[in-house]
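Visitor: Turn this into a structure:
(one chain, ligands or ions: 1)
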Amino acid sequence: MITVDAKPFAYSFPEDKVALIVIDMQRDFIEPGGFGETLGNNVALLQAILPGVAGLLKVFRDNGWPVIHTREGHKPDLSDCPPAKRLRGNPSLRIGDDGPMGRILIHGSPGHDIVAECAAIEGEYVVDKPGKGAFYATELGEILKKHGITHLIFAGVTTEVCVQTTMREANDRGYENLLIEDATESYFPEFKAAAMEMIRAQGAIVGWTAPLASLEDAVA
Ligand code: C5J
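Guide: Numbering: from 1, shown residues only. The predicted structure is shown next:
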């Protein structure tokens with residue numbers, strides 16, 4: 001077992017049963033002109049975690065541990081996008097509309113791609129998801145079962161939406177979850193702080209959090 005100095009207490013994982021899940025590090029959330037910005041958010045806030053996510057990917061790649069990237073998005077005909085999702089709010093561009101990085105959150109559009117700094121390499125999984133949680137309507141559960149995974153380490157955006165939703169889905173399925181604090185971000189810093197408190201409250205009711213340095217120290 002590898003033991004990481006984490007909150008609310010130490011997090012231990014067996015190195016043959018751990019996987020990394022990197023949530024939605026897509027141009028549509030992180031670069032100007034995408035879904036995040038059309039909703040009125042300052043996407044520059046999310047760019048601060050690019051070194052953290054890259055460092056976390058390096059830990060997993062150096063150790064040969066499984067890596068799964070997710071992408072939020074929809075089919076070109078929007079048949080997997082509930083009207084409630086497309087019509088919610090008052091964005092300047094809606095899901096499926098043409099933007100500077102192609103159609104917003106649509107499979108195959110440049111904006112749907114993962115940013116270059118975090119792009120998947122050969123042998124890594126990329127799971128496309130229509131919802132906020134990565135288990136809903138995807139093959140994620142089967143991938144984890146195939147690899148005998150029991151412990152999940154999380155990164156990505158945004159902390160309180162797709163990351164927290166996926167951690168809660170994973171928690172209900174019996175996985176032991178660790179969120180890397182400097183490899184996740186929100187458009188709302190106070191929501192990130194609150195989400196991390198919620199995750200580790202009541203004796204890690206959803207999971208643990210730790211900085212990347214603690215994981216790096218533990219595996220060194
Ligand atoms: C959002 C996500 N925030 N990846 N998606 O709509 O968190």
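Visitor: for residue 126, phi and psi?
Guide: Main-chain dihedrals, residue 126, degrees, to the nearest 10: phi -120, psi 120.
Visitor: Any idea how many residues pack against it?
Guide: For residue 126, the neighbour count with other CB atoms under 10 Å is 13. C-beta coordinates here come from the backbone N, C-alpha and C atoms, glycine included.
Visitor: which residues does it bridge with?
Guide: residue 69 (DSSP bridges).
Visitor: residue contacts, it?
Guide: 68-71, 114, 120 (CB atoms under 8 Å, 6 or more residues apart in numbering).
Visitor: Identify the farthest-apart pair in those residues.
Guide: Using CB to CB, the contacts of residue 126 span at most 11.9 Å, a distance reached by 68 and 114.
Visitor: Pick out whichever of those two has more residues nearby.
Guide: residue 68 (23 against 19).
Visitor: which one is that one nearest to, not counting chain neighbours?
Guide: Spatial nearest neighbour of residue 68, chain neighbours left out: residue 125 (4.4 Å); criterion: CB to CB, 6 or more residues apart in numbering.
Visitor: for residue 66, same thing?
Guide: Nearest one to residue 66, counting by CB to CB, 6+ apart, is residue 19 at 4.2 Å.
Visitor: so the one you found is in which element?
Guide: For residue 19, the host element (DSSP states H and E) is strand 18-23.
Visitor: And the average pLDDT for that strand is what?
Guide: In this model, strand 18-23 carries a mean pLDDT of 98.
Visitor: how far does it sit from the chain's center?
Guide: How far strand 18-23 lies from its chain's middle: 8 Å, per CA atoms, centre = their mean, to the nearest Å.
Visitor: hang on, the earlier thing: tell me what the residue nearest to residue 66 is bridged to.
Guide: residue 152.
Visitor: Name the next helix or strand downstream of the strand holding residue 19, please.
Guide: Following strand 18-23 in sequence order, the next helix or strand is helix 27-30 (DSSP H and E).
Visitor: Quickly check: the helix or strand that that next one is followed by near the ligand or not.
Guide: Downstream of helix 27-30, the first helix or strand assigned by DSSP H and E is helix 35-38. No: using CB under 6 Å from any ligand atom, helix 35-38 stays clear of the ligand, coming no nearer than 6.8 Å.
Visitor: contact partners of the top helix by length along the chain?
Guide: Looking across the chain with DSSP state H, the single longest helix is helix 189-204. Outside helix 189-204, the residues that touch it by CB under 8 Å, 6+ apart are 7-9, 45, 158-160, 163-164, 167, 177, 179, 181, 184-186, 205-209.
Visitor: what helices or strands is whatever helix or strand comes next after it leaning on?
Guide: For helix 189-204, the succeeding helix or strand toward the C-terminus, using DSSP H and E, is strand 208-210. Strand 208-210 sits against strand 176-185, helix 189-204, with contacts defined as 3 or more CB pairs under 8 Å, 6 or more residues apart in numbering; DSSP states H and E.
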